[in-house]
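Undergrad: I need the structure of the sequence given here:
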Amino acid sequence: MAEGFEKLVEVPTEFFKDGTAFIKRCQKPSKNEYLKIIRAVGIGFIMMGVVGYVVKLLHIPIRYLIV
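TA: Coordinates of the predicted model:
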């Protein structure tokens, strides 16, 4: 019974220790890194928008051909 309780307490404490160690190793991105991230996300948004627009353009005529 005591072993089960120890395991039950050990898992959250180990998770908390790992989490705090990870946060301590993290650092803020530099201005260049931040701009690269923004650029990559922006390009991803634009690409997904273009793909969605093309699919919509192809779907409209196909829908009217089937009906």
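Undergrad: give me the low-pLDDT residue ranges for this protein?
TA: Scanning the chain for pLDDT under 70 picks out the ranges 1-2, 67.
Undergrad: Please report the distance of the residue nearest the centre of the chain from residue 29.
TA: By CA atoms, centre = their mean, the chain has its centre lying nearest to residue 41, at 11.1 Å. Distance, residue 41 to residue 29, using CB to CB, to the nearest Å: 13 Å. Just so you know, the C-beta spots here come from the backbone N, C-alpha and C atoms, and that holds for glycine as well.
Undergrad: Please, where are all the helices along this structure?
TA: Taking DSSP state H as the criterion, the chain carries its helices at 2-25, 31-66.
Undergrad: and residue 63, how many neighbours does it have?
TA: 9 (other CB atoms under 10 Å).
Undergrad: Numbering from 781 from now on, please.
TA: All set: I'll call the first residue 781, so the last point we hit is now residue 843.
Undergrad: which residues touch it?
TA: The contact partners of residue 843, by CB atoms under 8 Å, 6 or more residues apart in numbering, come to none.
Undergrad: Let me see the backbone angles for residue 808.
TA: Phi and psi for residue 808, reported as degrees, to the nearest 10, are phi -70, psi 140.
Undergrad: Residue 809 too?
TA: Backbone torsions of residue 809, given as degrees, to the nearest 10, read phi -70, psi 150.
Undergrad: what residues are up against it?
TA: Shown in contact with residue 809 (CB under 8 Å, 6+ apart): residue 817.
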